[in-house]
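**Q** Predicted model and sequence follow; I will ask about them next.
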Amino acid sequence: MKTAVIGSGSWGTALAQTLQDNGQDVIVYGVDENEIRDINENHKNSKYFGDTQLNPLLKATTDISAVKDADVVVLAVPSIAIEPIVRQVDAVLEKPAVFVNVAKGFHPVTNERLSDVIRHCVSPDHLSSVVSLIGPSHAEEVVIRQLTTIDAVSQNEEDARLVQELFSNGYLRIYTGTDEVGSELGAAIKNVMAIASGILSGLGYQDNTRAALITRGLQEMIRYGTHFGGKEQTFMGLTGVGDLIVTCTSPHSRNFQAGYQIGRENDVKNFLENNTKTVEGVRTAKIVHRVASQEGIDMPICEEIYQILYEGKEPSLCASDLMVRRLKKEFPDA
């Protein structure tokens, strides 16, 4: 079985190394010649991991035709790039493949979940199934083989088990799941909560505040996800509260780092003008605002983050506004 990992960034490299550690036939495809050369010649991806040594057997290429005979295609690119790269892969594939998506977000125009985007962009004769490989994980830790658990979620349970067996080893444990809606929505919205967590930390708020943010943020994730058919139980698992905790508390999180800069400056302008990193929560906040407004879903934290990012609201005002909303029960149905 051959696996092609599309994307030579941090997560693509870490997952490809995991497959290489497992003795799998794997190739990394990327467009940055420096990253590809670094992997092949120096056994490093210095741009993301500094001097960390990669498995010396790991190979990478800039030739997209390397994916033509792949049995499994791992998509490790930002959500905004999913559609164009999937169409490129589809054009060279010669047989059906399992598409494994590891990005967390939505289509920037249609608001579709990424598994649906993939299904709409791949020819039926090239698609076995779509599996979302998501959960609480940072590439910086997986690449040094820190113990990590995530989910392989799919409508096709057989292919979810295939991905589970392909990636699982002594440091990466994969569970399977079938709630594609709940898992993908939870994994996407937690990035907005991570921006909020970073903002609060940047403003000087500490543990009590972060605990409140994570807990109430989880309620918003559940409210949004179940509205679209996700199962509440899913949000108690790895793609829900697990992903939420790690992203809201870790310095590895780009979303947390972005929020921290915004909070420290109590202004979004500098971040928006100078950011060069992929911060998925920025686009997700806009989409969640749009959809929640249309569907009448109460998302107060997400709404405040939208106001900061897109309406220029002062972050410190958002924090205080959340605290002085109308008082109510924690669980309205209780």
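**A** Cool, the structure landed. Numbers count the residues shown, from 1 in each chain.
**Q** can you give me the strands in the protein?
**A** Applying DSSP state E to the chain gives strands spanning 2-6, 25-29, 60-61, 72-75, 97-101, 127-134, 148-153, 172-177.
**Q** Can you give the distance from stretch 186-204 to the centre of its chain?
**A** Distance of stretch 186-204 from the chain centroid (C-alpha atoms, centre = their mean, to the nearest Å) equals 14 Å.
**Q** where does the stretch 51-200 of the chain dip in pLDDT?
**A** Within the stretch 51-200 of the chain, the set of residues satisfying pLDDT under 70 is empty.
**Q** rewinding a little: with respect to E184, which of the strands of the chain lies nearest?
**A** The closest of these to E184 is strand 127-134. By C-beta to C-beta, the value is 5.8 Å. Backbone N, C-alpha and C define where each C-beta goes, glycine included.
**Q** Grab the CA positions of the closest one and hand them over as PDB.
**A** The C-alpha trace of strand 127-134 is given here as PDB (Å, rounded to 0.1, in the frame of the first residue of the first chain):
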ATOM      1  CA  LEU A 127     -12.500   8.100  -4.700                       C
ATOM      2  CA  SER A 128     -12.700   5.100  -2.300                       C
ATOM      3  CA  SER A 129     -13.800   7.200   0.700                       C
ATOM      4  CA  VAL A 130     -13.000  10.300   2.800                       C
ATOM      5  CA  VAL A 131     -11.500   9.900   6.300                       C
ATOM      6  CA  SER A 132     -10.900  12.900   8.600                       C
ATOM      7  CA  LEU A 133      -7.800  12.300  10.700                       C
ATOM      8  CA  ILE A 134      -8.200  15.000  13.400                       C
END
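**Q** partners of it, with directions?
**A** Applying DSSP bridges, strand 127-134 is found paired with strand 97-101 (parallel), strand 148-153 (antiparallel).
**Q** Mind checking the ones you listed for the one nearest to E141?
**A** Proximity to E141 (C-beta to C-beta) singles out strand 148-153 among these, at 6.5 Å.
**Q** thinking again about what came up before, now mean neighbour count and distance to I297 too, for the strands of the chain, in a markdown table please.
**A** What follows is these, written out as a markdown table (neighbours: other C-beta atoms under 10 Å; distance: least, C-beta to C-beta, whole Å):
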| stretch | mean neighbour count | distance to I297 |
| --- | --- | --- |
| strand 2-6 | 25 | 33 |
| strand 25-29 | 23 | 38 |
| strand 60-61 | 20 | 42 |
| strand 72-75 | 26 | 28 |
| strand 97-101 | 27 | 24 |
| strand 127-134 | 24 | 22 |
| strand 148-153 | 24 | 22 |
| strand 172-177 | 19 | 23 |
